[in-house]
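Chemist: Take a look and give me a structure for this.
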Amino acid sequence: MKKLKIFSILLGILITVLFSSCFRLGRGFKIKRVEKTPTMEEYYASGNYYQAFWSAITILEKNNSEEKRNGALSIIEDSYAKYLEKEESILEYDVKTYKDDVDFNYGRINIDVNSKTKKLYERCKYFQDDYNRVRTSIKDIGPMYYGGRELVFPLKDYSGLVKKTKDKYSDLVYLVAKTYTEGRTYPSSQDAKKDYREAYKVYVQLQKFDNGYKKDEVIKLKDEAYKNGLNYVTINFANSIKKYAVTEKEVLAGLDLGDWITIGKDAKGKYDFNMVVTVENFDISKGDLQRTVFDKEKEIVIQENVPDRDRRPVVVSRRRLLKSRLEIIDLFKEAFIGGTIKIVDNYSKKTKTFTIEAPSIFKYSYAMQEGDIRAIDPEYLPLLDKKPTALPTDYEMSKIGLKLFSEELASKIIGETYQNY
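Modeler: Numbers count the residues shown, from 1 in each chain. The predicted structure is shown next:
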């Protein structure tokens, strides 16, 4: 009896704790309710004619009951008309009222990403594409009848609306490009040249968007912006570098100066920058060839079938010592070309001098072997696959060094002539 009483008390405590826990959980968490998808009639009643139209199309495409089909036919015509009327009204109003505020700092990024006008064009283009999908769905279903007559879905043409917004955006891009160089006939500073380069990029952007927009004028303005955005430079050498049959002309020919630097004078016969290169070091090592020989041994176990006394085959294990001689050849040669470049900005009259260093290293290893290749350690096997070669000549090393020197030289020139502005 006493045990039964204790059990009843413990059971009561357990029930109380469980009830309390459930109550707290109920207060702390809400049950997520699944939203019910509106019906076709609910879409129509709420003014969402686009969804009402597509709901009706879905019903008509499927083999639904006569009642559902009649319900779809009763609203599809009106949904079509009201959907188009509503979208037309919104877009026409936005075409009249949308305007981008353009100032000198507007920039290419803004017209491409943040432009209200471009977004409006994209909306109109999407609306035209969506309308074409609507027409396709109507065509696929075929003639529709309701209330004793054939339902009518008037054809529309939104190409004019799309062109209007396309032209509106093209006008904006054109205006932004001209803003960069407004009032200028010729660059008078590096900052002005930077503006011409920005204008050129905007004209390129305009041509990609609408190649037919003011075609001849845009081509002319783009070409002018490019010429005025170029930096015209002269590069002279303070000393001769005919060592190893390398000439100054070869160095200049190897320069990749990008799109905005050209060696030569502008239309007025002037240079934007004067540059003087001094080659102070042009050294090539004699080269080093090292041979390392290893005698390799490896014991393996092989199994052979031999006949026993009764001439029956028996598998016998034998030990065999494999031997091989491995010769590793390591080649090393280096070149170093060093010097300076002095750059004079003819606008600001500022002079800067930079150090140019171009170390180049040739390293190559290969191997040869005699004997049983199975004795060679696995890490050396890739060297055996490499072809034997000789150390490069001084002339070959000079070409490698010259290429690196030209790349370093070009990097300094590009950085100082327009990237830092």
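Chemist: The one helix or strand Asn70 maps to - contacts with which helices or strands?
Modeler: Here Asn70 sits within helix 66-97, counting by DSSP states H and E. Counting contacts by 3 or more CB pairs under 8 Å, 6 or more residues apart in numbering; DSSP states H and E, helix 66-97 packs against helix 40-45, helix 49-61, helix 116-141, strand 145-146, helix 159-180. Backbone N, C-alpha and C define where each C-beta goes, glycine included.
Chemist: tell me the mean pLDDT for the first one?
Modeler: Throughout helix 40-45, pLDDT has a mean value of 92.
Chemist: What ranges in the stretch 151-300 of the chain fall below the confidence cut-off?
Modeler: By pLDDT under 70, the low-scoring segments of the stretch 151-300 of the chain are 245.
Chemist: what's downstream of the host helix or strand of Val277, the next helix or strand?
Modeler: Element membership for Val277 (DSSP H and E) is strand 273-284. Sequence order places strand 288-307 as the next helix or strand after strand 273-284, per DSSP H and E.
Chemist: May I see the helices and strands packed on helix 66-97 arranged in JSON lines, with mean neighbour count as well?
Modeler: Shown next, in JSON lines, are these (neighbours: other CB atoms under 10 Å):
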{"stretch": "helix 40-45", "mean neighbour count": "18"}
{"stretch": "helix 49-61", "mean neighbour count": "20"}
{"stretch": "helix 116-141", "mean neighbour count": "16"}
{"stretch": "strand 145-146", "mean neighbour count": "12"}
{"stretch": "helix 159-180", "mean neighbour count": "18"}
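Chemist: So for Lys399, which of these sits nearest?
Modeler: When the helices and strands packed on helix 66-97 are compared by CB to CB, helix 159-180 sits nearest Lys399, at 42.5 Å.
Chemist: Can you name every helix or strand that that closest one contacts?
Modeler: helix 66-97, helix 116-141, helix 190-209, helix 215-229.
Chemist: can you tell which of the ones you listed is closest to Gly147?
Modeler: helix 66-97 (8.0 Å).
Chemist: can you redo the helices and strands packed on helix 66-97 as JSON lines with distance to Leu402?
Modeler: Shown next, in JSON lines, are those (distance: least, CB to CB, whole Å):
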{"stretch": "helix 40-45", "distance to Leu402": "73"}
{"stretch": "helix 49-61", "distance to Leu402": "67"}
{"stretch": "helix 116-141", "distance to Leu402": "48"}
{"stretch": "strand 145-146", "distance to Leu402": "84"}
{"stretch": "helix 159-180", "distance to Leu402": "39"}
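Chemist: Just tell me which of the ones you listed ends up closest to Ser360.
Modeler: helix 159-180 (42.1 Å).
Chemist: Need the contact partners of the closest one.
Modeler: 88, 91-92, 95, 98, 100, 102-104, 106-108, 111, 115, 117-118, 120-121, 124-125, 127-128, 195-196, 198-199, 202-203, 205-206, 209-210, 213-214, 218, 221, 225 (CB atoms under 8 Å, 6 or more residues apart in numbering).
Chemist: Just the buried subset of those residues, please.
Modeler: With burial judged by 16 or more other CB atoms under 10 Å, the buried subset of the contacts of helix 159-180 is 91, 95, 98, 100, 102, 106-108, 111, 115, 117-118, 120-121, 124, 127, 195-196, 198-199, 202-203, 206, 209-210, 213, 218, 221, 225.
Chemist: Break this protein into its domains for me.
Modeler: Taking automatic domain parsing as the domain assignment, the ranges for the chain are 40-180, 263-419.
Chemist: Output those domains as TSV; include the columns distance to Ser188.
Modeler: Formatted as TSV, the domains of the chain follow (distance: least, CB to CB, whole Å):
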stretch	distance to Ser188
domain 40-180	14
domain 263-419	7
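Chemist: Please look at Val279 and Lys242 and confirm they touch.
Modeler: No - taking contacts as CB atoms under 8 Å, Val279 lies outside contact range of Lys242: 10.4 Å.
Chemist: For these two, indicate the residue with more neighbours.
Modeler: Val279 (20 against 10; other CB atoms under 10 Å).
Chemist: how near is that one to Ser406?
Modeler: Counting by CB to CB, to the nearest Å, the gap from Val279 to Ser406 is 12 Å.
Chemist: Next: Lys363.
Modeler: From Lys363 to Ser406 the distance is 22 Å (CB to CB).
Chemist: Next: Val218.
Modeler: Using CB to CB, Val218 is found at 36 Å from Ser406.
Chemist: And Asp377, by the same measure?
Modeler: For Asp377, the distance to Ser406 - CB to CB - is 42 Å.
Chemist: out of the two, which sits in the busier spot?
Modeler: Ser406 (20 against 10).
Chemist: Go ahead and list the helix or strand containing the residue lying closest to Tyr232 once chain neighbours are set aside.
Modeler: In this structure, Tyr232 finds its nearest non-sequential neighbour in Asp266, 4.5 Å apart by CB to CB, 6 or more residues apart in numbering. Using DSSP H and E, no element contains Asp266; it sits outside every helix and strand.
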